[in-house]
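Participant: One predicted model, sequence on top.
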Amino acid sequence: MKARLIDTLQLTDKGIISIIGAGGKTSLMFRLAKELADSGKSVLTTTTTKIFMPGPSQSPFTIIDSSIEEIIKKSASRLKQFLHFSAGKKYDPATGKLIGFAPDNIDQLCRAGLFDWIIVEADGARQKPIKATASHEPVVPKDTTHLILVTGLDALGKPLNETHVHRATLFSQNTGLPLEEIMDKRAMAACIAIEIKKAGNLCRPLSNFVFLNKADNFDTISLGQKIAELLKTNKSIHRIITASLVDAFPVKSCLILKKLNFRSWRI
C-alpha cells in the first residue's frame, strides 16, 4: 500500500495533531512533519511532556524559550528560512530532553496563525511499546483537531510487566489481563478502546486515529489487521492504520470506520 501518511490521514488543511500512546510517537511526529513540510505546509513540532532534543535529521532548528510571545516572534523569523522546526520551553542537559509547553500554550501558538500544522507529542511512555494512562494523562491541547493513538505491535507475545508495558498494573486493572500473562490481541484492543475514548473526551477532536506501529513483517501486519477487526465497531475511532515507520512507504493497511468531516474546522 504505497501511500504517504499525510494522505492516509487526510491532512489537507490545518490544525493541531496530538500524538499519544506508546511505541513510536516521536518517529511518527517527525515523519508527519517532513511529509507536511515537503508538501509546502508550515509545521511546528513540540510537546506537552518531554522529548529528547531533536537531532538535525528530525528538525533543522529548535527554538527554546519560556515565553510564548517570544516563541511566536522567533517563529515568524524562522519561517522565512524553514517550513518546519521545533520549539520547547526549556532544555535539560542532564537528561538531554526538551521540556514542552502547557496545553493552553499550544492553543495560543495555534491561534497566532503562523503554522498550518502544530504536531504535539502529548504523552510519555518511557520508551515502552504500550501503556495505560494515569489520571493526569494524556496531556492534550483542547484545540486538538486530529488525535493519533500509537501502539507498538511488538508488545504482543510479551509478558504484562513493566519491562514491556508502561504502568503494567493499571493496564491489568483496565483490561483484566493478569500481570505476567502474555499480551494478546484482545488485551491490546481493549487498552486502545479505553485510551482513545479517554483522550477524545479531553479535546473533542474532529478525527481519532489508531496507529498500529511496528508491523515489520507479514505476521505483525496480520496481527495489526486482526486488532483492527476487533475495534471495527468502536464509535470513537475514524481510522485504524497498520504501519511500519522504518519503511519508505509505512502504511500497510487502513481500516476506515467513519467518514472524516472537515466542514467543522474552526482554526
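Facilitator: Cool, got the structure.

Participant: make it CA atoms for all contacts and neighbour counts henceforth
Facilitator: Fine.

Participant: What count of nearby residues applies to Arg121?
Facilitator: You called it Arg, but residue 121 is Glu. Around Glu121 sit 26 other residues, with neighbours defined as other C-alpha atoms under 10 Å.

Participant: per-residue pLDDT, it?
Facilitator: Per-residue pLDDT puts Glu121 at 98.

Participant: 167 is where my numbering starts, stick with that
Facilitator: Okay, residue one is now 167; in that scheme the one you just asked about reads as Glu287.

Participant: Which strand or helix spans the residue nearest to Leu343 when sequence neighbours are not counted?
Facilitator: Spatial nearest neighbour of Leu343, excluding adjacent residues (C-alpha to C-alpha, 6 or more residues apart in numbering): Ala353 at 6.5 Å. Assigned by DSSP states H and E, Ala353 belongs to helix 351-369.

Participant: Break down this structure into its strands, ranges please.
Facilitator: Chain-ordered strands for the chain, with DSSP state E as the definition, fall at 181-187, 209-213, 216-218, 228-230, 250-254, 256-258, 263-265, 283-287, 296-297, 312-318, 331-332, 373-379, 405-409, 417-422.

Participant: Show me which positions of stretch 386-404 end up buried.
Facilitator: 386-387, 389-391, 393-394, 396-398, 402-404 (16 or more other C-alpha atoms under 10 Å).

Participant: which one of the residues you listed is nearest Asp282?
Facilitator: Using C-alpha to C-alpha, His404 is the member of the buried residues of stretch 386-404 that lies nearest Asp282, at 22.0 Å.

Participant: is it true that the closest one touches Cys420?
Facilitator: No - in this structure His404 lies outside contact range of Cys420 using C-alpha atoms under 8 Å: 10.3 Å.

Participant: List the contacts of Gly318.
Facilitator: Neighbour list for Gly318: 188-190, 295-296, 378-380 [criterion: C-alpha atoms under 8 Å, 6 or more residues apart in numbering].

Participant: With Thr329 instead?
Facilitator: The neighbourhood of Thr329, defined by C-alpha under 8 Å, 6+ apart, consists of Lys294.

Participant: What does the pLDDT read for it?
Facilitator: For Thr329, pLDDT reads 97.

Participant: Next: Cys276.
Facilitator: Value for Cys276, per-residue pLDDT: 95.

Participant: my guess is it meets Ser208, correct?
Facilitator: No - Cys276 is beyond contact range of Ser208, at 11.7 Å (criterion: C-alpha under 8 Å).

Participant: if I look at Asp422, how far off is Val306?
Facilitator: For the record, residue 422 is Ile, not Asp. In this view, Ile422 and Val306 are 24 Å apart by C-alpha to C-alpha, to the nearest Å.

Participant: Pick out whichever of the two has more residues nearby.
Facilitator: A direct count of neighbours by other C-alpha under 10 Å for Ile422 and Val306 places Val306 higher, at 29 against 16.
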